[in-house]
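Participant: What follows is a predicted protein model with its sequence.
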Amino acid sequence: MATNIDQTDSYRTSMLAKAETLTEALPYLQRYAGKTFVVKYGGHAMGDPDAARDFAEDIVLLKAVGVNPVVVHGGGPQIGAMLKKLGVESHFIDGLRVTDAATAEVAEMVLSGKINKELVSWIAAAGGKALGISGKDAGLVTATKVERTTKDPESNIERVVDLGFVGEPTEIDPTIIHTASAAGFIPVIAPIGVGKDGHTYNINADTMAGAIAAKLGAARLFLLTDVPGVLDKDKRLLTDLTPHDIAGLTRDGTISGGMIPKLETCVHAVEAGCEAAVVLDGRVPHAMLLEIFTARGAGTLIHR
Ligand SMILES: Nc1ncnc2c1ncn2[C@@H]1O[C@H](COP(=O)(O)OP(=O)(O)O)[C@@H](O)[C@H]1O
Ligand SMILES: CC(=O)N[C@@H](CCC(=O)OP(=O)(O)O)C(=O)O
């Protein structure tokens with residue numbers, strides 16, 4: 001049977017560019033085979049269905065080329081929307097949602113139920129097999145209540161602020177992650193944990209991802225957010241930062257708001273056993289693949 005093969009110059013140029021992209025990826029494929037990547041997918045980044053589909057494809061591709069991806073997801077805006085529907089007020093202190101018993105119930109329902117299973121479905125649609133769990137399953141995360149204090153600016157007196165059922169991971173048993181990954185599944189983890197007191201704790205998703213990356217000694221922790229990375233005062237992308245640089249940028253106010261706890265998580269993770277962390281733009285199609293498999297990189301790399 002005869003086939004029409006397009007032999008135009010533009011066709012050949014485009015095929016050559018594709019081959020170059022694949023060969024450019026080769027050293028990275030070799031370097032990362034068998035390594036663990038922890039990826040935090042934020043609630044803001046997952047708002048757009050096209051972005052969610054691209055994200056799932058990237059995760060499935062990583063698994064197919066021998067990397068062990070572990071996904072930790074957020075869902076702050078989605079919890080906020082559900083609380084609003086239910087007429088429950090919600091507010092944040094230092095980027096953490098004050099969580100009473102009713103809020104904890106809604107947070108668990110939205111994170112472990114709705115969002116977790118949506119991500120599992122996106123990964124299935126991309127041809128992967130995800131295992132959707134929360135920190136409660138198989139003893140993955142034991143949480144401890146977060147203690148916060150604030151200083152009254154007038155009297156300078158320190159006060160304890162009660163955030164309710166906001167937890168931080170204090171013990172991690174990664175057996176379920178290792179077992180699932182070895183069997184070909186992609187763990188997808190909701191940031192909910194249980195305390196030794198039996199209570200359900202709502203955990204900031206960045207904190208959860210950082211603690212898991214440190215425990216696993218991950219080659220990379222990716223934090224997908226809604227900015228290109230860490231920006232300087234002139235809004236230019238900072239491609240490479242050490243914990244020392246981050247301390248300076250925090251002191252002079254270049255880093256503020258939600259970026260402060262995010263970078264604290266990165267610093268803690270790289271100091272506790274994760275090789276490097278990357279803050280990158282989850283809204284950019286295939287941002288993770290570009291960061292991992294090309295020489296250009298796409299976000300801010302944080303390393304020791
Ligand atoms: N120097 C900085 N570079 C980039 N973003 C910054 C910086 N300082 C503060 N930010 C803010 O941090 C936000 C990201 O944190 P956050 O909103 O908590 O993200 P997410 O919801 O994805 O976890 C950005 O949208 C930006 O407004
Ligand atoms: C304690 C606390 O603040 N928990 C977060 C958990 C979800 C989260 O962190 O989601 P994003 O990454 O999308 O912001 C919350 O209730 O919003």
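Facilitator: Happy to help now that I have it. Residues are numbered from 1 along each chain as shown. Ligands and ions are numbered 1, 2, ... in the order given.

Participant: Show me where the stretch 201-304 of the chain has its helices.
Facilitator: Remark: helices assigned in the stretch 201-304 of the chain by DSSP state H, counting those that start in this stretch are 205-216, 243-251, 259-271, 287-293.

Participant: tell me the average confidence for the helix or strand where residue 83 lies?
Facilitator: Residue 83 is part of helix 76-85, with elements assigned from DSSP states H and E. Looking at helix 76-85 alone, the average pLDDT works out to 96.

Participant: Alpha carbons only: can I get it in PDB?
Facilitator: What follows is helix 76-85 as a C-alpha-only set of coordinates in PDB (Å, rounded to 0.1, in the frame of the first residue of the first chain):
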ATOM      1  CA  GLY A  76      -8.100  25.800  49.800                       C
ATOM      2  CA  PRO A  77     -10.400  27.800  47.400                       C
ATOM      3  CA  GLN A  78     -12.700  24.700  47.000                       C
ATOM      4  CA  ILE A  79     -13.000  24.400  50.800                       C
ATOM      5  CA  GLY A  80     -13.700  28.100  51.000                       C
ATOM      6  CA  ALA A  81     -16.500  27.800  48.300                       C
ATOM      7  CA  MET A  82     -18.200  24.900  50.100                       C
ATOM      8  CA  LEU A  83     -18.000  26.700  53.500                       C
ATOM      9  CA  LYS A  84     -19.600  29.700  51.800                       C
ATOM     10  CA  LYS A  85     -22.400  27.500  50.400                       C
END
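
Participant: Which positions in the stretch 151-300 of the chain make contact with ligand 1?
Facilitator: With C-beta under 6 Å from any ligand atom as the criterion, the stretch 151-300 of the chain meets ligand 1 at residues 206, 225-227, 230-231, 254-259, 262. From N, CA and C alone the C-beta is placed, and that goes for glycine too.

Participant: Show the buried residues in these.
Facilitator: Neighbour counting by 16 or more other C-beta atoms under 10 Å classes 206, 225, 227, 230-231, 254-255, 258-259, 262 among these as buried.

Participant: Filter these down to the ones in strands?
Facilitator: Using DSSP state E, the members of these that fall in strands are residue 225.

Participant: Could you dump the buried ones among the residues of the stretch 151-300 of the chain next to ligand 1 into TSV and include pLDDT and distance to ligand 2?
Facilitator: Listed next are those as TSV, based on pLDDT from 0 to 100; distance: C-beta to the nearest ligand atom, whole Å:
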residue	pLDDT	distance to ligand 2
206	95	6
225	89	8
227	91	13
230	97	17
231	97	19
254	96	21
255	94	17
258	81	8
259	89	12
262	93	9
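
Participant: farthest-separated two in the residues of the stretch 151-300 of the chain next to ligand 1?
Facilitator: Spatial extent of those (C-beta to C-beta) is set by the pair 206 and 254 at 18.8 Å.

Participant: C-terminal to the helix or strand hosting residue 188, what's the next element?
Facilitator: Under the criterion of DSSP H and E, residue 188 resides in strand 186-190. Heading C-terminal from strand 186-190, the first helix or strand you meet, by DSSP H and E, is strand 192-195.

Participant: packing partners for that following strand?
Facilitator: For strand 192-195, the contact count by 3 or more C-beta pairs under 8 Å, 6 or more residues apart in numbering; DSSP states H and E identifies strand 141-145, strand 167-172, strand 200-202 as packing neighbours.

Participant: Not counting the longest one itself, show me its contacts.
Facilitator: Strand 167-172 is contacted from outside by 135, 140-146, 193, 195, 201-203, 207-208, 211-212, 215, using C-beta atoms under 8 Å, 6 or more residues apart in numbering.

Participant: Spatially, what comes nearest to the residue positioned nearest the centre of the chain if we skip its sequence neighbours?
Facilitator: With the centre of the chain defined as its mean C-alpha position, the nearest residue by C-alpha atoms, centre = their mean is residue 40, 0.8 Å away. Leaving aside its sequence neighbours, residue 40 sits nearest to residue 209 (C-beta to C-beta, 6 or more residues apart in numbering; 3.6 Å).

Participant: same deal with residue 216?
Facilitator: Per C-beta to C-beta, 6+ apart, closest to residue 216 is residue 36, 5.1 Å.

Participant: cool, residue 109 as well?
Facilitator: Once flanking residues are discounted, residue 109 sits nearest to residue 82: 7.5 Å by C-beta to C-beta, 6+ apart.
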